[in-house]
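**Q** Sequence and predicted structure below; questions after.
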Amino acid sequence: MPEHALIRLTRTPDAVPISDDVYGHFLEQAFFGNVEGGVFDEGSPLAVGGGGLLAGCRADVIEACRELGLPVVRWPGGNYTSAAWWQDGTGPRDDRPRRLELAWGSEESNRFGTPEFLAWCEAVGTVPYLAHSARSVDDAVRWVEYVSWAGDTEMTRRRAADGHPEPYSVPWWGVGNEVYGDWQMGHRPVEQYVADALEHVRFMRAVDPSARFVAVGHEDREWTRRVVEGLGEDVDLVSLHLYGASRHLTGSTRAEFGAVVAQPQFFEDAIRDQAETIRQAQQGRDRPLGIAMDEWNIRHLEPAGWPEPQPGEDGGVAPRATSGAGGEGWRVNRYSPRTLADALFYAGVFHAVHRASQLPVPVAMANTVNLVNANGLLAVRPGGLVRAATYWVWDLYQNRTGRYPLAASVAGPSWTTDLRMGDDRRGDGFRTRPVTVGALDVSATTDEDGRVLHLAVVNRSADEDITSRLQLEGGGLPATAVAHVLGAGGTDLFAANSFERPDAVRTAAPAEVSLRDGEHTFPAHSVTVLDVEVRAGLRG
């Protein structure tokens, strides 16, 4: 028998719209096939030909990105940013230097640089977000000049020679990346970072007064407080990087499924903490700030003693012998494909972001790690690409939900668990805290005209359908709705898409369903978006 729940929905006529940019993306240079072998694959029969800036870019990747729609893409890192020099990636491709890059220990060809990335952004219809190391003011200023200045200078002539005489439109600039960590070149204490960032922003803005800036925040409240106190009148967003963790590679159990789908609760808590820290530090100032969750994902961990993972022809991990292998420690498997459990995790994070849109300091941008390969939305191989489960979650939320949230509450089944506090490893385990997790997680949104309710529901239960009664303030629910469902049916909680099974996890065709007496049954381990036409507007 299905379990039961009650979902109450309340109109919020003064709701602040959810930013499109919360469905953003991330590409890191030199990172496990994000760019070379992913977005850019010179010599591939699937690449764009000719001599233009898009030459060598994968045409199938461009098409898949156009189909989905990309609001914003952060590049070139990430960790790569800290030691990179942007000018290496300009000028004739054959004349560009090949360098040892220090973030990931690879050799960077620089054949896909600033002009190629910005041309690719124009081709897919996205907004670029460029991240600078914040180690050299002059280097940062010249990058903005190359990109945005309209005059006649050495940098603008270089841009024209690189195939783009007119300035690009680049609204977003990152001022450093994770400079609080000793894994970054340019690691420094917060006082020094604030002083450096102030100078960078001042002179970058002198070149482009319309530029908007993202400062380096941290889960550490003291770091973020000092950043906001020092930069709060000069930047627009403060970053927050969050990662979850899954160990299903060593055991695809029901318990592990539960651990994965519960972790959006950690994200929501971390977002609220960051928002409150920023609000308190910004008190008395007029400039509004937001959060850029410009790195986030869930990591698939495996024993460090296993053979190093390699990309498999099916879009996942190449076969290898792991039986009996072990050893101490854990590492991230960068080729492990996204699973059904991950799909529910991503949906839960979007719900957390939707709710955070109404905070005094909202999430204004979010960029998942990554767009292409390396646990991304698209697994790209020499013979084609696979749209991962992630791709269909983005399509479901970005393209089939509204931008104006309603208040939603749920009374229904739940369970208690030790919530993983992200990928915070403690010996052989994780930092955790006890919580109660609701089996249903709900986000209700509408469009600007308020005529359609988009009810997004994650059923986190591994095996129980949940029948829910919907109550909309003021009534007005019709007898039917249109359902878009991802993940229903099947028995593999960690199913993933591959070249052989490209649609193992994807949204089913929309179907009309009954809402008789306001009831609907949400299938186990699924994400559902109900489109409900209401008689009375939801925005009035």
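**A** Happy to help now that I have it. Numbering: from 1, shown residues only.
**Q** Surely Phe522 touches Val442?
**A** No. In this structure, Phe522 is not within contact of Val442 by CB atoms under 8 Å, at 9.6 Å. Placement of C-beta: from N, CA and C, glycine included.
**Q** Need the residues touching each of these two.
**A** Val457 (CB atoms under 8 Å, 6 or more residues apart in numbering).
**Q** Give me the more crowded residue out of the two.
**A** Using other CB atoms under 10 Å as the criterion, Phe522 and Val442 rank with Phe522 on top: 28 against 23.
**Q** Do a quick rundown of the helices in the protein.
**A** 59-68, 114-124, 137-148, 154-161, 190-207, 221-231, 254-262, 264-281, 340-356, 389-400 (DSSP state H).
**Q** tell me which residues of the shortest one are tucked away?
**A** It refers to helix 154-161. 155-156, 158-159 (16 or more other CB atoms under 10 Å).
**Q** Where does pLDDT dip in the stretch 401-540 of the chain?
**A** 540 (pLDDT under 70).
**Q** Report the mean confidence score over stretch 371-388.
**A** When pLDDT is averaged over stretch 371-388, the result is 97.
**Q** Give me the distance between it and the centre of its chain.
**A** 15 Å (CA atoms, centre = their mean, to the nearest Å).
**Q** same check, this time on stretch 335-355
**A** Using CA atoms, centre = their mean, the offset of stretch 335-355 from its chain centre is 10 Å.
**Q** Check stretch 456-463 too.
**A** The answer for stretch 456-463 is 21 Å, by CA atoms, centre = their mean.
**Q** which parts of that stretch are buried?
**A** 456-462.
**Q** quick revisit: of the helices of the chain, which is nearest Val380?
**A** helix 59-68 (6.1 Å; CB to CB).
**Q** which residues sit against the closest one?
**A** Counting by CB under 8 Å, 6+ apart, 38-39, 46-48, 54, 120, 123-126, 371-372, 377-378, 380, 384-385, 387, 391, 394-395, 398-399 sit against helix 59-68.
**Q** please redo it, this time with the cut-off set to 6 Å
**A** Outside helix 59-68, the residues within contact range by CB atoms under 6 Å, 6 or more residues apart in numbering are 39, 46, 48, 123-124, 378, 385, 395.
**Q** what's the farthest-apart pair in the residues you listed?
**A** Top of the distance list for the contacts of helix 59-68 (CB to CB): Val48 and Asp395, 24.2 Å.
**Q** Dump the buried residues of helix 154-161 into a markdown table; add pLDDT and distance to Val141 as well.
**A** Output for the buried residues of helix 154-161, formatted as a markdown table (pLDDT from 0 to 100; distance: CB to CB, whole Å):
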| residue | pLDDT | distance to Val141 |
| --- | --- | --- |
| Met155 | 98 | 9 |
| Thr156 | 98 | 13 |
| Arg158 | 98 | 14 |
| Arg159 | 98 | 15 |
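**Q** got these as JSON lines, with distance to His200 columns?
**A** Output for the buried residues of helix 154-161, formatted as JSON lines (distance: CB to CB, whole Å):
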{"residue": "Met155", "distance to His200": "17"}
{"residue": "Thr156", "distance to His200": "21"}
{"residue": "Arg158", "distance to His200": "21"}
{"residue": "Arg159", "distance to His200": "21"}
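**Q** The residue lying closest to Ala245 once chain neighbours are set aside - how many residues pack around it?
**A** Excluding the flanking residues, the one nearest Ala245 by CB to CB, 6 or more residues apart in numbering is Asp423, at 4.1 Å. By other CB under 10 Å, the residues close to Asp423 number 19.
**Q** how far away is Asp423 from Tyr335?
**A** 17 Å (CB to CB, to the nearest Å).
**Q** what's the answer for Ser498, then?
**A** Counting by CB to CB, the gap from Ser498 to Tyr335 is 12 Å.
**Q** and what of Thr81?
**A** 23 Å.
**Q** Compare those two (neighbour count), which wins?
**A** Applying other CB under 10 Å to Thr81 and Tyr335 shows that Thr81 carries more neighbours, namely 27 against 20.
**Q** That one against Glu178, yeah?
**A** No. Counting by CB atoms under 6 Å, Thr81 stays clear of Glu178, with 9.1 Å between them.
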